[in-house]
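J.: missing the sequence, but the structure's below:
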Ligand SMILES: Nc1ncnc2c1ncn2[C@@H]1O[C@H](COP(=O)(O)OP(=O)(O)OP(=O)(O)O)[C@@H](O)[C@H]1O
Ligand SMILES: [Mg+2]
């Protein structure tokens, strides 16, 4: 689904910077993939391209042989700074934001992210912990039923208990949903994904079963 994708920021200016080069990857439907790599290797750039938020300067991004479309809810992204994604005052209003859906659908989405609907539905966003806010943002994305879910550094900055709950949630996302998790933090990656991609200096340097790929990434 990514064919010869490359990206240069500020192309044609003295500040031109190549962030991705000749990336070729196919994500199987329902597969769970983690993308790892050092700072500046191009992980977030790849995430933005997969989410349809950035058009790459080179190559093709396709789904089922057609161009990827964010309007058709092909892909969705949840951001590390969840608070910026939560625009309504309460949990239920936020999950429902802009959609015509009933309470049961909102409750199901909260259940998917491990939040008890009876406890959380009416809670104010500002009274939630960072980890809970991140899970509400994720519920708001899941309720839109995207085909591909892209998460950029979902575990960054969480304390140990919040991190553990989020790892559990990510480990049992709805089946059929293709999930791409970008992280520089490889601990627990094997609980979230089956396949691992390693980016190094804007190129894919390894691709395979997550445990195998991480072993190479750590030792090389
Ligand atoms: N808007 C931008 N303009 C110019 N250069 C950028 C821009 N965004 C990112 N870059 C550069 O592109 C390269 C890849 O950035 P990217 O954010 O994709 O890396 P990353 O792997 O996500 O890094 P990190 O682990 O720090 O999040 C970096 O060298 C970065 O400085
Ligand atoms: Mg990044």
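T.: Received, thanks. As the structure is a prediction and not an experimental result, all values here were calculated from the model. Residues are numbered from 1 along each chain as shown. Ligands and ions are numbered 1, 2, ... in the order given.
J.: isn't residue 86 up against residue 93?
T.: No: counting by CB atoms under 8 Å, residue 86 sits too far from residue 93 to count as a contact (9.6 Å). Heads up, the C-betas are built off the backbone N, CA and C, glycines and all.
J.: residue ranges with poor pLDDT in this protein?
T.: For the chain, applying pLDDT under 70 flags the ranges 70-71, 217-220.
J.: what residues sit buried inside stretch 25-43?
T.: 25, 27, 32-37, 41-43 (16 or more other CB atoms under 10 Å).
J.: quick revisit: more crowded one of residue 86 and residue 93?
T.: residue 86 (22 against 16; other CB atoms under 10 Å).
J.: now do the contacts for the more buried one.
T.: 94, 125, 133, 136-137, 140 (CB atoms under 8 Å, 6 or more residues apart in numbering).
J.: follow-up on the earlier one: inside strands: which ones of the buried residues of stretch 25-43?
T.: With DSSP state E as the criterion, strands contain 25, 32-36 from among the buried residues of stretch 25-43.
J.: quick check, nearest of the residues you listed to ligand 2?
T.: Using CB to the ion, residue 35 comes nearest to ligand 2 of these, at 9.8 Å.
J.: residue contacts, the closest one?
T.: The neighbours of residue 35, taking CB under 8 Å, 6+ apart as the test, are 43, 46-47, 180-183, 196-199.
J.: which strands and helices sit next to the host helix or strand of residue 5?
T.: Under the criterion of DSSP states H and E, residue 5 resides in strand 2-9. Strand 2-9 sits against strand 17-25, helix 43-50, strand 58-63, with contacts defined as 3 or more CB pairs under 8 Å, 6 or more residues apart in numbering; DSSP states H and E.
J.: winner for burial among these?
T.: helix 43-50 (a mean of 23; mean count of other CB atoms under 10 Å).
J.: quick one: that helix to strand 17-25, angle?
T.: Helix 43-50 and strand 17-25 are oriented at 60 degrees to each other (axes from the mean of the first three to the mean of the last three CA atoms, to 10 degrees).
J.: distance from the chain centre to helix 43-50, please.
T.: 9 Å (CA atoms, centre = their mean, to the nearest Å).
J.: so what touches that helix?
T.: By CB under 8 Å, 6+ apart, the residues outside helix 43-50 that reach it are 2, 5, 7, 9, 19-20, 23, 35-37, 54-56, 61, 68, 75, 77, 148, 150-153, 180, 182-184, 199.
J.: now narrow the ones in strands among the buried residues of stretch 25-43 to whatever sits close to ligand 1.
T.: Among these, no residue lies close to ligand 1 (CB under 6 Å from any ligand atom).
J.: nearest to residue 170, of those?
T.: Residue 170 lies nearest to residue 32 out of those, by CB to CB, at 8.5 Å.
J.: show me the domain layout of this protein.
T.: For the chain, the domain assignment from automatic domain parsing gives the residue ranges 2-74+146-219, 82-145.
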